[in-house]
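Colleague: Sharing a sequence plus its predicted fold:
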Amino acid sequence: LRERDMAEHGGRRWQLVLISSPLQGHMTPMLQLGSYLQSKGFSIIFAHSELNPPDPSNHPDFIFLPLPDNLSGTGIFSGINQFLKALNENCRPHLEKHLIQMINTQKETSEKESIVIIYDSLMFFAGNLAGDLGLPSIILRSSCAAFLPSYWIIPQLHQEGRFPEMIPEFHPFRYKDLPFIGLPIQEVLDLIAMINPKIPPSAFICNTLECLEQSTLTQIRHHYQVPIFTIGPLHKTSPTPSTSFLEEDTSCIPWLDKQSPKSVIYVSLGSLATIDAKIATEMAWGIANSNQPFIWVVRPGSVHGCDWIEFLPEDMVSEMKVRGMIVKWAPQKDVLAHSAVGGFWSHCGWNSTLESVCEGVPMLCQPFSIDQMMNARYLSYVWKMGLEMVVEREEIESAIRRVLMSKEGEEMRRRAMEIEEQVRVAVTHGGSSRNSMNDLVEFILSL
Ligand code: UDP
């Protein structure tokens, strides 16, 4: 294909510079996108911060470009605004130098080469840099598409002093579903001003599907007037080897093999959420009292003041281990695809949401922040395959039973399987995501 494209385009070569953010849920889709584009004949330069680097051995054909980030001590928990500001300021100089070198080499060798920047929305410096250097840029959005309208809806609501329970211009979302609710409003407005692209990109790539977010996508297309490619879910349209920062505990798969179909509740709150020991203890009691087999991911450091599961009394750990597994990090996609898993209790990160949707697994929703409330709203109110829950032991116990064992749970599973089927159609030949991937390639070649 590379040769064909090069021939068709007068021997021109395309160098795609992908700029990834250091968050697990953002880097994974960027690596998947890179793999797809590389399979289509594009050269991939994968730029990333030194914090949370990807494993180059999984992508031998990429050129990796580490960007010194000087982030020691500035974790995301120091505050998202400070973290993103430092990340963007510190990563810019090295990338700028590299891109200027690429442009100069091109001029010197008079090579017919196009450079296109594809950047994670959190690495907004790359959009400004591309604009300064006259390079085309495309944004990869790794959260739900509905996140984008909040860039203009939140400032507008704030300006008008409106805080409606239901937002008429943003159906089906409520004020409380909006991203970053809970942070001081000025911080939210500053954050939006910082990440909202100053220079309009040539296009957006969204890790979503037309069938999941149709009305929002119409709204976004109308607002931005640039192509929006909906090529998700990337873990299906362009699967890659594991991209986990933490080591996956694969011992849960043979354990799952021994469980009855649809009997296991899988519990994971993703790569970033942290909780108090009190909440973690409620979770433990809820899981234990439900009497259902479980896999519970407790990420090291995710419970305040604990390295891992010290918040649990030892006798409770031994008792829980009779019926389930507590692991530090799971091979989540394989777990969700396993026939023994009947429900996913999740923080509703977008990747986790898509991964569950793709396997037809109903969800228990415990959103924390960012886009998670929107995803939970989709799951419970629109797609009707998720249950919003209160994290309190009796509520948890009953919610697990409702999902795994009740008529209501059966209905949720039926809905989940219907959506799984729609996704399957979208990702196969002639489906909307497949078509969008082809369109994306043509679009890049036209830049
Ligand atoms: N994940 C995993 N093992 C775990 C927990 C999570 O592989 O034990 C993966 C999960 O499959 C998903 C990603 O980590 O791809 C989490 O991304 P998501 O957008 O759901 O949430 P975030 O971590 O960004 O809050």
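Modeller: Perfect, I can see it now.

Colleague: what's the burial count for whichever residue of the stretch 301-447 of the chain sits closest to the ligand?
Modeller: Scanning the stretch 301-447 of the chain for the residue nearest the ligand gives residue 349, at 2.2 Å (criterion: Cβ to the nearest ligand atom). In this view, the C-beta of every residue, glycine as well, is placed from N, C-alpha and C. Counted with other Cβ atoms under 10 Å, the neighbours of residue 349 add up to 26.

Colleague: mind listing what residue 120 touches?
Modeller: Contacts of residue 120 were listed using Cβ atoms under 8 Å, 6 or more residues apart in numbering, and they are 19, 20, 21, 26, 30, 139, 140, 142.

Colleague: Repeat that for residue 16.
Modeller: Counting by Cβ under 8 Å, 6+ apart, residue 16 has contacts 34, 37, 42, 43, 44, 45, 116, 118, 444.

Colleague: next structured bit after the helix or strand bottoming out on mean pLDDT in the chain?
Modeller: When the helices and strands of the chain are scored by mean pLDDT, DSSP states H and E, helix 2-8 comes last with a mean of 53. Proceeding N to C from helix 2-8, the next assigned helix or strand is strand 13-19, under DSSP states H and E.

Colleague: what are the ranges of the strands in the stretch 201-350 of the chain?
Modeller: With strands called from DSSP state E, counting those that start in this stretch, the stretch 201-350 of the chain shows them at 203-206, 228-230, 264-268, 294-297, 324-327, 341-346.

Colleague: now the fifth one, how far from the chain's geometric center?
Modeller: The gap between the average C-alpha position of strand 324-327 and the chain average comes to 24 Å, counting by Cα atoms, centre = their mean, to the nearest Å.

Colleague: Please work out which residues outside it touch it.
Modeller: Against strand 324-327 from outside (Cβ under 8 Å, 6+ apart): 249, 251-252, 255, 264, 287, 293-298, 309, 317, 320.

Colleague: filter those residues down to the ones near the ligand?
Modeller: By Cβ under 6 Å from any ligand atom, the members of the contacts of strand 324-327 lying near the ligand are residue 297.

Colleague: Compare the contacts of strand 324-327 and tell me which is most surrounded.
Modeller: residue 264 (27 neighbours).

Colleague: for the helix ranked longest in the chain, packing partners?
Modeller: Once the chain is assigned using DSSP state H, the helix that runs over the most residues is helix 80-109. If contacts are counted by 3 or more Cβ pairs under 8 Å, 6 or more residues apart in numbering; DSSP states H and E, helix 80-109 sits against strand 13-19, strand 43-49, strand 63-67, strand 113-120, helix 125-133, helix 185-195.

Colleague: Alpha carbons of the fourth one, as CSV, please.
Modeller: Extracted as CSV, the C-alpha positions of strand 113-120 are listed here (Å, rounded to 0.1, in the frame of the first residue of the first chain):
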residue,chain,number,x,y,z
GLU,A,113,7.8,14.4,2.3
SER,A,114,4.7,15.5,4.3
ILE,A,115,4.8,15.8,8.0
VAL,A,116,1.5,15.6,9.8
ILE,A,117,1.1,16.0,13.6
ILE,A,118,-1.4,13.8,15.4
TYR,A,119,-1.7,14.8,19.0
ASP,A,120,-3.5,13.7,22.2
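
Colleague: Please point out which parts of stretch 89-103 sit buried.
Modeller: 90, 91, 92, 94, 95, 99, 102 (16 or more other Cβ atoms under 10 Å).

Colleague: same deal with stretch 12-29?
Modeller: Of the residues in stretch 12-29, 13-29 count as buried by neighbour count, 16+ other Cβ under 10 Å.

Colleague: Any stretches of the stretch 1-150 of the chain with poor pLDDT?
Modeller: Residues of the stretch 1-150 of the chain meeting the criterion pLDDT under 70: 1-10, 73-78.

Colleague: Can you tell me which residues in it are near the ligand?
Modeller: Residues of the stretch 1-150 of the chain lying near the ligand (Cβ under 6 Å from any ligand atom): 23, 24, 25, 28.

Colleague: Count the residues that sit near residue 243.
Modeller: 17.

Colleague: how far away is the residue nearest to it when sequence neighbours are not counted from residue 208?
Modeller: Distance criterion Cβ to Cβ, 6 or more residues apart in numbering; nearest residue to residue 243, sequence neighbours excluded, is residue 28 at 4.4 Å. Here the criterion is Cβ to Cβ, to the nearest Å. By it, residue 28 lies 15 Å from residue 208.

Colleague: Residue 97 now?
Modeller: Relative to residue 208, and taking Cβ to Cβ, residue 97 is found at 34 Å.

Colleague: do residue 315 as well
Modeller: Per Cβ to Cβ, residue 315 is found 45 Å from residue 208.

Colleague: These two: which is more packed in?
Modeller: Neighbours were counted for residue 315 and for residue 208 using other Cβ under 10 Å; residue 208 has more, 27 against 8.

Colleague: Surely the more buried one touches residue 145?
Modeller: Yes: between residue 208 and residue 145 there is a contact under Cβ atoms under 8 Å: 4.8 Å.

Colleague: any shared contact partners between these two?
Modeller: Taking Cβ under 8 Å, 6+ apart as the criterion, residue 208 and residue 145 both touch 217, 230.

Colleague: Can you give me the neighbour number for residue 386?
Modeller: Count around residue 386 with other Cβ under 10 Å applied: 29.

Colleague: With adjacent residues omitted, what lies nearest to it?
Modeller: Distance criterion Cβ to Cβ, 6+ apart; nearest residue to residue 386, sequence neighbours excluded, is residue 379 at 2.9 Å.

Colleague: quick one: secondary structure of the one you found?
Modeller: helix (DSSP: H, G, I helix; E, B strand; the rest coil).

Colleague: Which pLDDT value belongs to it?
Modeller: Listed pLDDT for residue 379 reads 98.

Colleague: what's near enough to touch it?
Modeller: So residue 379 contacts 348, 353, 363, 365, 385, 386 (Cβ under 8 Å, 6+ apart).

Colleague: Phi, psi for the first one please.
Modeller: Comment: the main-chain dihedrals of residue 348 come out as phi 70, psi 40, following degrees, to the nearest 10.

Colleague: separation between it and residue 355?
Modeller: Distance, residue 348 to residue 355, using Cβ to Cβ: 11 Å.

Colleague: more neighbours, these two?
Modeller: Just comparing residue 348 and residue 355: by other Cβ under 10 Å the higher neighbour count belongs to residue 348, 32 against 21.

Colleague: Surely that one and residue 380 touch.
Modeller: No: in this structure, residue 348 is not within contact of residue 380 by Cβ under 8 Å, at 9.5 Å.
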